[in-house]
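Chemist: Show me how the following folds:
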Amino acid sequence: MTGKMLTLIGLALVLIGLALTYAPWLVNWFGRLPGDIRIQNEKSFVFIPIVSMLIVSIILTLIVNLFFRK
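Modeler: Next comes the predicted model:
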């Protein structure tokens, strides 16, 4: 069970890496959604991705529930 889970996590990381490298238009929306807070001054930059993290949380919850549903 642990080996399968590590293999799936590794495969997911490879796919995410390939998407970031060869298809950046697929991930440009992340961090630019309405509800993500960006504050930028001349000397500082604050970024709080509230809505983006909610979407990531929902997707991960669905994936984990699919794998561990009894």
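
Chemist: so the most far-flung residue of the chain relative to its centre, which of the three states?
Modeler: In the chain, residue 42 marks the outermost C-alpha relative to the chain mean, sitting 28.5 Å out by C-alpha atoms, centre = their mean. Following DSSP: H, G, I helix; E, B strand; the rest coil, the label given to residue 42 is coil.

Chemist: likewise residue 55?
Modeler: Under three-state DSSP, residue 55 comes out as helix.

Chemist: Run through the residues that contact it.
Modeler: residue 33 (C-beta atoms under 8 Å, 6 or more residues apart in numbering). The C-beta positions use only the backbone N, C-alpha and C, and glycine is treated the same way.

Chemist: Check it and give its pLDDT.
Modeler: pLDDT recorded at residue 55 is 90.

Chemist: quick revisit: which residues are in contact with the residue farthest from the centre of the chain?
Modeler: Taking C-beta under 8 Å, 6+ apart, one finds nothing in contact with residue 42.

Chemist: and it, what pLDDT?
Modeler: pLDDT, residue 42: 92.

Chemist: try residue 5
Modeler: Looking at residue 5, its pLDDT reads 77.

Chemist: Point me to the helix or strand that includes it.
Modeler: If you go by DSSP states H and E, residue 5 is part of helix 2-22.
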